[in-house]
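Participant: Kindly generate the corresponding structure for this input.
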Amino acid sequence: MRIIELDPRKDPSYSEENCACIGYFDGLHRGHQALLREMKEAAEESGSGKAVITFDRDPLEVVTGRKQKQILRRETLYEMLERSGVETVFLIPFSEEIAAMPAEDFRKNFLYRLHLKTLVCGFDFRYGYQGKGTAAVLKEAQDRPFEVRVIGEISEDGQKISSTAVKQFLEKGEIENVNRFLGYTYHLEGNVIHGLQNGRKMGFPTANIELDPQLVLPRTGVYAGYAKVQGEFYRAMINLGSNPTVSESPLLHLETHLIGSGEDLYGQKACLYFTKRLRPEITFNGLEELREQLVKDRETVMNTSEQVYEF
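Facilitator: Numbers count the residues shown, from 1 in each chain. Sure, this is the predicted structure:
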């Protein structure tokens, strides 16, 4: 998959015909997947390439001036798009200049220059200064050189499936709802780093995973799930919290105990899949009481039936 950064001041140096869908795609949830399916269907009908038009940062950061935490790292998003069959990502470097660009200029400077056969967008897609460009405006534009297909709201139980909803579920620790809206199992990945080794002293060695400060994290607590290391899956107890029983530091730590694996994972990359929140983080009266709870947690994890669904 190739990633092409768009510059409105330069003529594009490619001429391939593509069908594309457009959006920020944070989380690549089921609503985004509906856009991808429609785009790929249009591409197959016309024999065109499969493309995505997206932005290098969350447009809300520029519009509001406030940092926006993400569900997925952009690198992870690109990997998932490639696995889904996307051949080209057209990347718009979002800036204050682009945020102030009138909707008509945005269409001409970016969309009209891409040799598109079809453009797929969501019903709530907005572009241009103050979001005055809408899906309806785009579809009604007389000068557009491509077909526009608009995907209606994707919802479940009366709630719109959106990145905002996924973030709210994460913050509440409602991991089953997160996975339901994503359409795959929520996961965090990172390098295994050195920890305090307290778990090993209690017979529960853990791998400590480096946290990405730019990501939205689930509510603190203990989760059932799986760990994927070097292509192998292990049932896992996952803890996200500050380890109040053994540490006075308020810093969050992400650690996992792999059931059935005793190897040292330091320096390796691990991917943790969250399937169920078992309990909140608790301050225990000493390590023995904590160890007794960990035995119960491990038993619960072994008896859970949830599976991993990768994107």
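Participant: Tell me how far the closest residue to residue 266 other than its chain neighbours lies from residue 210.
Facilitator: Nearest non-adjacent residue to residue 266, counting by Cβ to Cβ, 6 or more residues apart in numbering: residue 192, 5.3 Å away. Heads up, the C-betas are built off the backbone N, CA and C, glycines and all. Distance, residue 192 to residue 210, using Cβ to Cβ, to the nearest Å: 8 Å.
Participant: Which one of those two is surrounded by more residues?
Facilitator: Between residue 192 and residue 210, counted using other Cβ atoms under 10 Å, residue 192 has the larger neighbour count: 21 against 13.
Participant: wait, the more buried one sits on residue 267?
Facilitator: Yes: counting by Cβ atoms under 8 Å, residue 192 does reach residue 267; the two are 6.4 Å apart.
Participant: Break down the stretch 1-150 of the chain into its helices, ranges please.
Facilitator: In the stretch 1-150 of the chain, the helices defined using DSSP state H, counting those that start in this stretch lie at 30-46, 59-64, 74-83, 96-99, 103-109, 135-140.
Participant: Give the other helices and strands that the longest one contacts.
Facilitator: Helices and strands in packing contact with helix 30-46 are listed as strand 18-22, strand 49-55, strand 116-122, strand 147-151; criterion 3 or more Cβ pairs under 8 Å, 6 or more residues apart in numbering; DSSP states H and E.
Participant: Same question for the shortest one.
Facilitator: Contact analysis of helix 96-99 by 3+ Cβ pairs under 8 Å, 6+ apart lists helix 59-64 as its packing neighbours.
Participant: quick one: low-confidence parts of the stretch 101-250 of the chain?
Facilitator: 195-203, 244-249 (pLDDT under 70).
Participant: re earlier: who's the residue nearest to residue 266 bridged to?
Facilitator: residue 209 (DSSP bridges).
Participant: Please save the CA atoms from stretch 125-133 in CSV.
Facilitator: The C-alpha trace of stretch 125-133 is given here as CSV (Å, rounded to 0.1, in the frame of the first residue of the first chain):
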residue,chain,number,x,y,z
PHE,A,125,-19.3,14.0,6.5
ARG,A,126,-18.3,17.7,6.6
TYR,A,127,-15.5,19.7,5.0
GLY,A,128,-14.4,23.2,4.3
TYR,A,129,-14.6,26.3,6.5
GLN,A,130,-17.0,25.9,9.4
GLY,A,131,-18.0,22.5,8.0
LYS,A,132,-20.2,24.2,5.4
GLY,A,133,-19.4,21.5,2.9
